[in-house]
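Sharing a model that was predicted from the sequence below.
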Amino acid sequence: MLTLVTGTTGEVGRRFVPRLLQQAGPEDEVRVLVRDAARGERFAELGAQVVIGDLRDAEALGKAVAGADAVVNVAAAFRGVPDEEARAVNADAALELGRAAVTAGVRRFVQVSTNLVYGTGRGRPLTEDDPVVPGGPMWGAYSESKGEAERGLLALDGLDVRIGRLAFVYGEGDAHLAQAMMWAGEWPAMQRLQMVHHADVAQGLLRLLYAPGAAGVYNIADDAPVTTVDLHRLNRVPVPDEAYGKTDPDPWFGITSTARIRRELGFRPLFPSVWTALDAGAL
C-alpha cells in the first residue's frame with residue numbers, strides 16, 4: 001500500500017511519519033508532500049518518497065495522489081492564523097485533496113481533525129454521535145473549518161473516509177504544553193483539558209489507516225484530562241490565587257469518550273495520562 005501523508009513538517013506530521021515508516025511492511029510505501037525540498041530530506045533519508053508542492057496547488061495534489069492507495073491528511077492551519085488562511089488550508093485544501101484522491105482512485109482517506117469541532121459540552125464525555133454545535137471559548141475559524149472539512153469529505157462518493165478527532169496534543173519536545181499557559185493562566189482552578197500524547201496520536205491514526213472495518217469518526221485521547229492546577233504544576237508556574245475563586249462555565253467542554261476506538265479498533269493509550277508520560281521521560 002502506498003500512503004500519502006500531508007502536513008509532515010508540522011508538530012504532528014513530523015512525529016507521525018517516522019512511526020508510519022517503522023510500521024510499514026515489505027509491500028508498503030510512504031510518500032510525503034512538502035513545500036520545501038530541504039525539509040523533505042529527513043523523510044527521504046528515512047525511506048519516504050518526497051513530492052514538492054503546496055497543498056493548495058491542484059497540479060501538486062495531482063502528482064502527490066497519483067498511484068496512492070491511501071491518504072493521511074495531517075495538514076492544518078492552527079489557532080492564531082488569519083481566518084481566511086485557516087479556511088483555505090483546513091477546509092478548502094482538504095476538500096480539494098479529497099476530490100483529487102477520488103479522481104486518482106485512492107481507496108482510503110484519513111482526516112486529522114480536532115475535538116474542538118464539538119463546540120460546547122453535553123454534560124458528559126462527548127461521543128462521535130454528538131452533533132457539531134458552534135460555541136464554546138475555543139470555537140472559531142480553526143475548529144469551524146475542520147468541521148466543514150469533515151462534512152465535505154464524508155459526503156464524497158467512492159472514498160473510504162476515516163476521521164480522527166484529536167484532543168490537545170503534547171509530548172516529545174512539542175511546545176504545546178507550555179503554550180497551553182496562554183489560556184490556562186485565565187482558567188478556573190478545576191477547569192479540565194483533554195490531552196493525547198504524540199505516540200498515541202500515531203497509534204490512533206495507524207489504526208484508522210490499516211483497520212479494514214474502520215468507518216466514520218473516532219475520538220483519539222488519553223484517559224485522564226488535566227486541570228488548570230495540573231498545567232501550572234507541569235509548567236512549574238504558581239497557580240494564581242484568583243483561579244480558586246472562578247467557576248468553570250462548561251466543565252464538559254472538549255472532554256471526549258474513547259469507547260468507540262477502543263471497542264472497534266483496539267486502541268489503548270500508551271500514555272494514559274500526562275503524568276505517565278512525565279514519569280517515562282516522554283515529554
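Looks like it came in fine.

in the lowest-mean-pLDDT helix or strand in the chain, what's buried?
Taking mean pLDDT, DSSP states H and E as the measure, the chain has helix 83-87 as its least confident helix or strand, at a mean of 89. Within helix 83-87, the residues scored as buried using 16 or more other Cβ atoms under 10 Å are A86, R87. C-beta here means a position set from N, CA and C on the backbone, and glycine is covered the same way.

Likewise for stretch 242-252?
A243, D248, D250, W252.

same question, stretch 259-274
For stretch 259-274, burial by neighbour count (16+ other Cβ under 10 Å) applies to R260, I261, L265, F267, P269, F271, S273, V274.

hmm, back to that, wait, which of the buried residues of stretch 242-252 is closest to A24?
For A24, the closest of these turns out to be W252, at 38.6 Å, with distances computed as Cβ to Cβ.

And the strands in the stretch 151-283 of the chain, which stretches?
Along the stretch 151-283 of the chain, the segments classed as strands by DSSP state E, counting those that start in this stretch run 160-166, 168-170, 192-193, 195-197, 216-220, 226-227.

Report pLDDT for R79.
In this model, R79 is scored at 69, pLDDT.

Straight-line length of stretch 226-237, end to end?
15 Å (Cα to Cα, to the nearest Å).

what sits up against that stretch?
Applying Cβ atoms under 8 Å, 6 or more residues apart in numbering, the external contacts of stretch 226-237 come out as 177-178, 180-181, 184-185, 187-193, 195, 238-239, 243, 273-274, 278.

What's the ChimeraX line that selects buried ones from those residues?
The buried residues among these can be selected in ChimeraX (16+ other Cβ under 10 Å) with this line:
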select :177,180,181,184,187,188,189,191,192,193,195,239,243,273,274
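
mind listing which of the contacts of stretch 226-237 are in helices?
Secondary-structure check on these using DSSP state H: residues within helices are L177, A178, M181, A184, V274, L278.

Quick check: phi and psi on the closest residue to the third one other than its chain neighbours?
In other words, M181. Nearest-residue entry for M181: N235, 5.6 Å, with adjacent residues in sequence omitted and distances by Cβ to Cβ, 6 or more residues apart in numbering. Here is the backbone geometry of N235 (degrees, to the nearest 10): phi -100, psi 0.

tally of neighbours for A277?
For A277, the number of neighbouring residues by other Cβ atoms under 10 Å comes to 25.

Let me have the buried residues of stretch 242-252 in TSV, extended by distance to L61 and pLDDT.
As requested, the buried residues of stretch 242-252 are exported to TSV (distance: Cβ to Cβ, whole Å; pLDDT from 0 to 100):
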residue	distance to L61	pLDDT
A243	46	98
D248	42	95
D250	38	93
W252	38	96
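
and the end-to-end length of stretch 8-28?
18 Å.

quick one on the thing from earlier: buried by neighbour count: which residues of the very next helix or strand once past the least confident helix or strand of the chain qualify?
Downstream of helix 83-87, the next assigned helix or strand under DSSP states H and E is helix 94-104. By neighbour count, with 16+ other Cβ under 10 Å as the criterion, the buried positions of helix 94-104 are A94, L95, E96, L97, G98, R99, A100, A101, A104.

Was I right to think L206 contacts R19?
Yes - counting by Cβ atoms under 8 Å, L206 sits close enough to R19 to count as a contact (7.0 Å).
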